[in-house]
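> coords below, sequence missing:
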């Protein structure tokens, strides 16, 4: 009769695994410190109705598409160097996002306007910030996921479940910190200070603690150039079933991204004047932190396709709940209801 593994044996992973998770925690804290408010921030900077969500959509596209290319570069120069470079890019990106208010002489309007009033002093640093944050974030994802893949010691499901919980712990940590900082100081632009500090902490973890995973004994992988990677992408898309999987996955993430692209401005214009979006959107990561390991245990053997279908249906239904305030107010209207957020200090 085999003996059950002890707690220490069950959760024993190399130091690189835990340091990678700690790096991811701070990087996600940095990103989600500003994610819930970035469209409101850009709108109050004078980017109108259309550009805030569009630019945020570009940022999400870069973060999720570029890992295909940045992962190739990371394999060639090493995860540690890639992570150090990524953290520097992220710190610079978050700095540029706050630059128009801190050093550019810009002030945030009390309310978001419909027309674009921002000039080059806003558009140039914001565009540069989006590019830097997108590139930096795209390096972090393949490096951390690659480290988990190489250090799971045959416990891949558990290792990735812990990794996913850590991501959401970082998300909660970032939002909570940003909430207290912006309400204490009464300035919305301070969320980027929180992002910068968290990115610096991620840099220090990589510099002082993280080391590339030991690949001794693993077969050497052929190094591929970026053109070869792009050609491989085209070939893979030739598979109808895989292409359909990408379409379904894209639909799922399209819906999810609206929590950060559209929902903040929607809530601000139809529900309350000063929404605490960081607290509202925190419901998502808190739910994941509390139930991820349980869901993994209960449904870990469910076929992936069925899991995707269930998840997509649930998130689709949950997004429909967001239209309830419109009907509670008597129909589609732009009238703002009593500001629930009056309990909190409004961001300025």
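Yep, it's here. From a predicted model like this one, the values you see are computed outputs, not experimental measurements.
> Show the contacting residues for the nearest residue to residue 196 once chain neighbours are set aside.
Spatial nearest neighbour of residue 196, chain neighbours left out: residue 94 (4.6 Å); criterion: C-beta to C-beta, 6 or more residues apart in numbering. Placement of C-beta: from N, CA and C, glycine included. Residues in contact with residue 94 (C-beta atoms under 8 Å, 6 or more residues apart in numbering) are 30, 34, 129, 133, 192, 195, 196, 199.
> Can you pull out the residues in contact with the host helix or strand of the fifth one?
Okay, so that is residue 192. With elements taken from DSSP states H and E, the one containing residue 192 is helix 191-208. Identification of contacts with helix 191-208 by C-beta under 8 Å, 6+ apart yields 19, 22-23, 26-27, 29-31, 33-34, 37, 41, 80, 83-84, 87-88, 90-91, 94-95, 97-98, 174, 177-178, 181-182, 278.
> Tell me which helix or strand comes right after it.
helix 226-236.
> Next, the buried residues of that following helix.
When burial is assessed from 16 or more other C-beta atoms under 10 Å, helix 226-236 yields no buried residues.
> gap between it and the chain center?
On the basis of C-alpha atoms, centre = their mean, to the nearest Å, helix 226-236 sits 26 Å off its chain's mean C-alpha point.
> What of stretch 94-112?
22 Å.
> List the residues that contact residue 39.
Applying C-beta under 8 Å, 6+ apart, the residues contacting residue 39 are 52, 53, 56, 260, 261, 262, 264, 265.
> what about the last one, how many residues close to it?
Neighbours of residue 265 under the rule other C-beta atoms under 10 Å: 19.
> go on, the fifth one?
A total of 22 residues lie near residue 261 under the criterion other C-beta under 10 Å.
> how much space between it and residue 150?
Using C-beta to C-beta, to the nearest Å, one gets 34 Å for the distance from residue 261 to residue 150.
> and what of the second one?
Relative to residue 150, residue 53 is positioned 37 Å away (C-beta to C-beta).
> Kindly report the same for the third one.
Distance of residue 56 to residue 150, given as C-beta to C-beta: 33 Å.
> Neighbour count for those two, which is higher?
Taking neighbours as other C-beta under 10 Å, residue 56 and residue 150 compare with residue 56 leading, 21 against 18.
> Helix or strand: which one has that one?
Assigned by DSSP H and E, residue 56 falls in helix 51-65.
> the helices in the stretch 201-348 of the chain, which residues?
In the stretch 201-348 of the chain, the helices defined using DSSP state H, counting those that start in this stretch lie at 226-236, 240-261, 263-270, 277-280, 283-299, 304-320, 324-328.
> I'd like those helices as TSV, with distance to residue 123 and mean pLDDT appended.
Formatted as TSV, these follow (distance: least, C-beta to C-beta, whole Å; pLDDT from 0 to 100):
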stretch	distance to residue 123	mean pLDDT
helix 226-236	29	72
helix 240-261	19	77
helix 263-270	19	82
helix 277-280	23	90
helix 283-299	31	79
helix 304-320	31	78
helix 324-328	32	68
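> immediately after the least confident helix or strand in the chain by mean pLDDT, which helix or strand?
Of all helical and strand segments in the chain, the minimum by mean pLDDT, DSSP states H and E falls on helix 7-10, at a mean of 60. Scanning forward in sequence from helix 7-10 by DSSP H and E, the next helix or strand is helix 15-35.
> that older thread, just the buried residues of the helix or strand just after the helix holding residue 56, please?
Remark: after helix 51-65, the chain's next helix or strand is helix 67-77, criterion DSSP H and E. Buried residues in helix 67-77, counted by 16+ other C-beta under 10 Å: 67, 69, 70, 71, 72, 73, 74, 75.
> which one of those sits closest to residue 163?
Among these, residue 67 lies closest to residue 163 (C-beta to C-beta), at 15.3 Å.
> separation between the closest residue to residue 22 other than its chain neighbours and residue 42?
Spatially, and ignoring its direct neighbours in sequence, residue 22 is nearest to residue 205 (5.2 Å; C-beta to C-beta, 6+ apart). Here the criterion is C-beta to C-beta. By it, residue 205 lies 30 Å from residue 42.
> Between those two, tell me which one has more neighbours.
Under the criterion of other C-beta under 10 Å, the comparison of residue 205 against residue 42 puts residue 42 first, with 25 against 21.
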